[in-house]
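Below is the structure, and that's it, no one-letter string:
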């Protein structure tokens, strides 16, 4: 077997992963008809990839206010909750572990999705670039700073989404606190200009994250709750003047709460997402957080094996390799060549089966040969 360190089981709170090759959250935009409701095609997709040590689902909206990506799934309604159930059951039937990622996009939601009302964020800021909508790309708008009532309502939305994810049968949940979305907008001083209890010091800026986690943990327990952070550089216009202070404060909260796992998006020197000319923060966070640490972004199997073997992390979550390699764990174990992504990036988000569930497994390739 190749890369044996990646095939050792990993205990994370109440969870036991059969290997350390995790599937990273990947927005794929297949919940097309009706919009925001999961479907059978998504069930096939996740079932195909159930060999992962743990699947982290695509980012899933906690409310209509928080979801602004065409054909992304939600988890706020009974219809969505029921539609997730067979997807989860399919992964479990194949012996897989699956956690739902809970998502609020904050200022990245375009008014198209909000009856022409502005999105909400930590402060009245505007994201650079354009939003994806069913009628094409449209320029982002300035968000409305959240009031205390808005914050309380949104925390309630996280709680309800967590309850729905539990009803759907998931094994765990992960709070999406990365990539320039709402929680990240509160964490970083580039987008959080507040002068109340939710702004100012790094400790204050972690308050929204803490309250969201408290609501989720109240439903799931800390031993089945995780979080994702992206502590390096600008992400969709969300940046910070002192990442070690900000993300060190966040790591202390996560440690204090005893979360089961923490995933970090850590672009390497040749990474394709975000800036890569900033110091990596994983060593600092590793020194502050004692739970299972998962690193992500632009890993090769060899690099993943080295970082798990050295103790830099406990697991690696693979993103794009899992798009075109549904049996990625088997390919890594066999030292086999990985499939490239066909027609990427077009196939990443287009709501059809092609480029989604039609990639062959290693066994199918060998049978055809």
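That came through fine. These numbers were taken from a predicted model, which means no experiment stands behind them.

Got phi/psi on residue 53?
phi -60, psi -40 (degrees, to the nearest 10).

give me the number of residues near it?
26 (other C-beta atoms under 10 Å). C-beta coordinates here come from the backbone N, C-alpha and C atoms, glycine included.

Hmm, residue 19 and it touching each other?
Yes: counting by C-beta atoms under 8 Å, residue 19 is a contact partner of residue 53 at 4.1 Å.

who touches both of the two?
Each of 10, 329 lies in contact with both residue 53 and residue 19 under the rule C-beta atoms under 8 Å, 6 or more residues apart in numbering.

Now find how far off-centre stretch 283-298 is within its chain.
Stretch 283-298 sits 15 Å away from the centroid of its parent chain (C-alpha atoms, centre = their mean, to the nearest Å).

What of stretch 10-26?
14 Å.

Least confident secondary structure element in the protein?
Least confident helix or strand, the chain: helix 346-349 with a mean of 84, by mean pLDDT, DSSP states H and E.

Contacts for that one, please.
Contact partners of helix 346-349, identified using C-beta under 8 Å, 6+ apart, comprise 27, 28, 29, 71, 132, 323, 341, 354, 355, 356.

residue ranges with poor pLDDT in the stretch 201-350 of the chain?
The model of the stretch 201-350 of the chain has pLDDT under 70 over residues 267-279.

Distance of residue 92 relative to residue 219?
Using C-beta to C-beta, to the nearest Å, residue 92 is found at 20 Å from residue 219.

now residue 209
Per C-beta to C-beta, residue 209 is found 16 Å from residue 219.

Which one's more surrounded, these two?
Comparing residue 209 with residue 219 by other C-beta under 10 Å, the one with more neighbours is residue 209, at 23 against 18.

thought that one was touching residue 183?
Yes: assessed by C-beta under 8 Å, residue 209 is found in contact with residue 183 at 5.2 Å.

if I look at the two, which residues touch both of them?
175, 177.

Could you check the pLDDT of the closest residue to residue 50 other than its chain neighbours?
Excluding the flanking residues, the one nearest residue 50 by C-beta to C-beta, 6 or more residues apart in numbering is residue 96, at 3.1 Å. Predicted confidence (pLDDT) for residue 96: 98.

still on that earlier bit, and for the next helix or strand after the least confident helix or strand of the chain, what's in contact with it?
Using DSSP states H and E, the next helix or strand after helix 346-349 towards the C-terminus is helix 362-368. Helix 362-368 is contacted from outside by 327, 330, 331, 334, 336, 360, using C-beta under 8 Å, 6+ apart.

Most neighbours out of these, which is it?
residue 327 (24 neighbours).

sorry, back to before: was I right about the residue nearest to residue 50 contacting residue 55?
Yes: with contact defined as C-beta under 8 Å, residue 96 reaches residue 55; the gap is 6.2 Å.

neighbour count winner among the two?
Per other C-beta under 10 Å, whichever of residue 96 and residue 55 has more neighbours is residue 55, with 27 against 22.

Phi and psi next, for the more buried one.
Here is the backbone geometry of residue 55 (degrees, to the nearest 10): phi -90, psi 130.

can you check residue 82 too?
phi -60, psi -40.

what number of residues lie near it?
Neighbour count for residue 82, taken as other C-beta under 10 Å: 14.

which residue sits closest to it, ignoring its sequence neighbours?
Nearest to residue 82 is residue 168, by C-beta to C-beta, 6+ apart, at 7.9 Å.
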